[in-house]
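>>> Output the structure for:
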Amino acid sequence: MKSIAGRLWQSILLATALAVASLGATSVHAAAGDVDTTFGGGKVLTDFGGFGNGRIDRLSAVAVDTQGRIVAVGSSQSSDFALGTVVALARYNSNGTLDTTFGSNGKVTSGFGFPIGANSEATAVAIDRDGRILVAGWTDGIANLCTNPPCDLNERFLIARYEVNGSLDTAFSGSGIATVSVGDLDRATAIGIDSVGRIVVGGITFGPPGYFEVVRLSPDGFEDYSFGDHGIVVTPLGDDVFNVSSLAIDTQDRVVVAGEILEDNQILFGLVRYKTDGSLDPSFDHDGIVFTDVAGQFVNEVCCVAIDQQGRVLAAGVSFDSNLGPFELALVRYNDDGSLDTSFGSGFGKVLSDTLSHGANALVIDHLGRIVVAGGDPLARFNPDGSVDGSFGNSGVARATLPGGALAGLTALAIDDVGRVVAGGISYNIGTDSLDFTLIRYLSDDFAFSSVPTVYMAVNTKSIQTLIVNSLSKFDSTVNLFASGQPIDVAATLSPASVTPQAGGAASADLSIQLGPSVTPGSFVLTVTGSAPAVQHSIPVNVYVYATSASIANVVGTMQTAGCIDKGIGGAMTSTLTAMQADVDAGRIDAARNTRSALLKQISAQSGKMIATSCTIDEVTVNPVAVLTTDLQLIQGL
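Residues are numbered from 1 along each chain as shown. Below you'll find the predicted structure:
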């Protein structure tokens with residue numbers, strides 16, 4: 001039997017060991033796949049209110065805009081199902097807080113169904129180049145288009161566009177929404193925007209049987225008659241179509257649509273590629289159509305399709321036998337011609353994995369070609385060759401608890417501007433007794449820039465901006481920095497030119513911008529790029545250049561030497577500009593403005609006489625009148 005002293009000494013050793021372990025735990029850096037606790041504490045729940053307890057707010061899709069804000073869309077339904085569902089949107093800042101500049105405190109609900117009790121739901125989202133939000137889904141009412149009830153309340157495609165502030169964009173299709181109906185039931189489940197701004201929407205139309213339905217709208221929301229039959233393509237496949245789940249648009253604006261096909265009593269992955277005119281693309285497996293039995297099993301359900309940087313098509317879903325088990329995550333990759341990519345997986349173009357017990361609900365490909373899939377509450381990451389990426393989470397799998405039983409789970413994925421995975425879904429909120437939109441962000445094993453403010457400078461000045469390079473998790477490699485996009489007579493340097501942020505930390509460099517005397521007033525974008533092994537990121541620095549009277553006098557002198565301006569006129573203008581600068585420096589703004597007005601009149605009066613309308617300086621043709629007029633309008637302080 002141990003003595004009291006022995007037990008005391010053992011306790012001291014144990015306490016010391018625990019203390020050391022505790023210290024070690026606090027110093028361990030976050031790893032790729034860890035939940036990002038800087039994002040709303042780790043999990044963000046959003047309740048849209050409504051009627052009664054037991055409400056269901058169902059998140060269907062997420063996207064990240066160019067400012068790093070996250071947009072989530074879906075539906076909101078009261079506990080009284082008879083009251084129907086409405087389209088629901090929320091926008092979040094990059095820290096997970098609701099963006100109060102959007103809608104009502106970050107949230108928007110739109111009841112497109114008519115009458116009360118009808119349903120509307122958003123199932124997909126895309127953000128255009130102007131930051132406007134496009135949602136696709138379905139409604140079994142016809143919104144304000146029904147003026148004489150009773151009306152046709154069959155389900156139909158619903159496409160709506162929202163302004164950056166969350167209001168409906170009434171310039172879109174004349175009302176903010178567009179609806180399309182082909183059969184008795186039409187549900188849109190996917191949306192994309194092609195290289196010229198046209199909007200492509202995919203879904204199912206059911207007569208019966210089911211068919212693939214693809215609609216293309218012009219950028220202003222009207223059916224694009226150059227695509228299919230008045231903007232619509234309907235494609236019968238196999239014996240029946242059970243579901244259309246996803247679409248992707250490649251660099252040639254060809255559209256790949258994925259769904260589940262019934263063929264000979266077996267459910268298969270079905271992929272169709274359309275040319276830009278809506279016809280089937282014969283370069284894709286000879287007829288534009290590919291069916292895939294992933295594992296020789298009875299049911300193969302496809303959730304998602306994506307196109308990687310090499311133009312290969314990746315489909316994800318689940319494969320299971322006729323007894324509904326075991327479930328296996330299924331990934332299939334196709335070459336550009338529709339053949340299976342034998343460099344992927346086990347050499348057959350397919351991956352079957354037990355990493356996700358319920359298969360895949362969502363798919364995204366990151367900037368390094370790694371494949372992230374979500375299903376249930378976990379998500380998994382695979383290397384570009386299809387092998388499990390063991391550096392992510394726990395042996396390739398990251399998991400977050402989402403209470404709510406069978407209704408809870410992850411349904412959507414996006415990659416933000418610095419490579420972090422944003423996962424969206426639904427989970428139970430005990431505080432509101434409801435199922436709510438749920439967002440979780442996972443750390444990457446990469447680096448990111450902190451934003452650099454917009455820089456305002458006068459000609460012939462210098463500005464130094466601090467650039468922060470953050471390690472998002474365990475990244476600790478050297479980042480080499482360089483700047484590009486400098487106009488003539490602009491010097492941009494970085495000191496130091498190489499930084500190494502410690503894992504979980506940050507490093508800084510000074511970005512020095514020097515404007516010479518001949519810089520053209522206006523604005524330009526300076527791009528700072530950081531390169532590290534296997535990855536690089538860029539950040540734009542917007543520089544706005546003011547003119548000064550002295551800088552304009554320098555321009556006048558250059559043009560005078562080149563013979564663009566009469567010597568006498570040039571000398572008089574230089575003297576006037578010197579006096580004008582003295583007024584600006586002394587704060588006599590009204591006097592300086594009057595001088596500017598007089599100069600503008602003089603330039604206009606002398607156009608084509610003493611001041612040329614066009615001349616060549618250093619082999620560049622310029623319009624001296626336009627240059628001087630623009631410069632005068634950009635004088636700092638006026």
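>>> switch to C-alpha atoms for all contacts and neighbour counts from now on
Will do.
>>> the helices in this protein, which residues?
Ranges of helices in the chain, per DSSP state H, are 4-27, 549-561, 567-585, 589-606, 624-633.
>>> which of those helices is buried the deepest?
Highest mean neighbour count of the helices of the chain: helix 549-561, a mean of 20 (counted as mean count of other Cα atoms under 10 Å).
>>> Convert that one to PDB, retaining C-alpha atoms only.
Taking Å, rounded to 0.1, in the frame of the first residue of the first chain, the C-alpha atoms of helix 549-561 are listed here in PDB:
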ATOM      1  CA  SER A 549      -1.400  73.000 -60.300                       C
ATOM      2  CA  ALA A 550       2.300  72.200 -60.400                       C
ATOM      3  CA  SER A 551       1.700  68.800 -61.900                       C
ATOM      4  CA  ILE A 552      -0.500  70.300 -64.600                       C
ATOM      5  CA  ALA A 553       2.200  72.900 -65.300                       C
ATOM      6  CA  ASN A 554       4.600  70.000 -65.900                       C
ATOM      7  CA  VAL A 555       2.100  68.500 -68.300                       C
ATOM      8  CA  VAL A 556       1.800  71.800 -70.100                       C
ATOM      9  CA  GLY A 557       5.600  72.100 -70.400                       C
ATOM     10  CA  THR A 558       5.800  68.600 -71.900                       C
ATOM     11  CA  MET A 559       3.100  69.400 -74.400                       C
ATOM     12  CA  GLN A 560       4.700  72.700 -75.200                       C
ATOM     13  CA  THR A 561       8.100  71.000 -75.900                       C
END
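>>> could you say what helices and strands that helix packs with?
helix 567-585, helix 624-633 (3 or more Cα pairs under 8 Å, 6 or more residues apart in numbering; DSSP states H and E).
>>> picking that back up, wait, which of the helices of the chain is closest to Ile193?
Nearest to Ile193, of all those, is helix 624-633, at 36.1 Å by Cα to Cα.
>>> what bridges to the closest residue to Thr235 other than its chain neighbours?
Of all residues not flanking Thr235 in the chain, Phe212 sits nearest, at 5.0 Å (Cα to Cα, 6 or more residues apart in numbering). Beta-bridge partners recorded for Phe212 (DSSP bridges): Ile204, Thr235.
>>> How about Ala547?
Beta-bridge partners for Ala547, by DSSP bridges, are Ile635.
>>> Quickly list what the closest residue to Ala136 other than its chain neighbours is bridged to.
Closest residue to Ala136 apart from its sequence neighbours, by Cα to Cα, 6+ apart: Ile159 at 4.5 Å. Under the criterion DSSP bridges, Ile159 forms beta bridges with Ala136, Ala178.
>>> likewise Gly424?
Ala412, Leu439.
>>> and it, how far is that from Asn361?
Going from Gly424 to Asn361 by Cα to Cα, to the nearest Å gives 11 Å.
>>> what do the two both touch?
Leu410, Thr411, Ala412 (Cα atoms under 8 Å, 6 or more residues apart in numbering).
>>> Counting neighbours, which of those comes out on top?
Each of the shared contacts of Gly424 and Asn361 was scored for neighbours by other Cα atoms under 10 Å, and Leu410 scores highest at 28 neighbours.
>>> didn't it look like it was pressed against Leu363?
No. Using Cα atoms under 8 Å, Leu410 is not in contact with Leu363, being 10.9 Å away.
>>> Next, show the common contact partners of these two.
Common neighbours of Leu410 and Leu363 (Cα under 8 Å, 6+ apart) are Ala374.
>>> now what about stretch 453-467, what contacts it?
449-452, 508-521, 541-548, 551, 636.
>>> That stretch: how far from the chain's middle?
Distance, stretch centre to chain centre, for stretch 453-467: 29 Å (Cα atoms, centre = their mean, to the nearest Å).
>>> pLDDT at Asn613, what is it?
Heads up, residue 613 is Thr, not Asn. Per-residue confidence (pLDDT) for Thr613: 83.
>>> contacting residues for it?
Each residue near Thr613 by Cα under 8 Å, 6+ apart is listed here: Ser607, Asn623, Pro624, Val625.
>>> how about a cut-off of 6 Å?
Neighbouring residues of Thr613 by Cα atoms under 6 Å, 6 or more residues apart in numbering: Asn623.
>>> In the stretch 151-300 of the chain, where is pLDDT below threshold?
Along the stretch 151-300 of the chain, the model assigns pLDDT under 70 to residues 151-153.
>>> so how far is Leu439 from Leu98?
Taking Cα to Cα, one finds Leu98 at 12 Å from Leu439.
>>> let me redo that: Leu379
For Leu379, the distance to Leu439 - Cα to Cα - is 13 Å.
>>> do the same with Leu262
34 Å.
>>> With Leu600 instead?
Distance from Leu600 to Leu439, by Cα to Cα: 56 Å.
>>> Same check on Ile635?
47 Å.
>>> more neighbours, the two?
Leu439 (27 against 23).
>>> Give me the pLDDT value at the more buried one.
97.
>>> Over to the one 10 residues further on?
Per-residue confidence (pLDDT) for Phe449: 88.
>>> List the contacts of it.
Taking Cα under 6 Å, 6+ apart, one finds Ile468, Val469 in contact with Phe449.
>>> what sits opposite Leu185 in the beta ladder?
Here Leu185, judged by DSSP bridges, has bridge partners Glu155, Phe206.
>>> scratch that, Ile513
Counting by DSSP bridges, Ile513 forms beta bridges with Ser463, Ala492.
>>> That one and Pro487, how far apart?
Ile513 is 11 Å from Pro487, where distance means Cα to Cα.
>>> of the shared contacts of Gly424 and Asn361, closest to Phe102?
Ala412 (21.1 Å).
>>> my read: that closest one touches Leu59, true?
No. Contact criterion Cα atoms under 6 Å: Ala412 and Leu59 do not qualify, at 7.9 Å.
>>> So which residues of the stretch 101-250 of the chain form strands?
Using DSSP state E, counting those that start in this stretch, the strands found in the stretch 101-250 of the chain span residues 107-110, 120-127, 133-139, 156-162, 177-180, 185-193, 199-206, 210-217, 232-235, 240-249.
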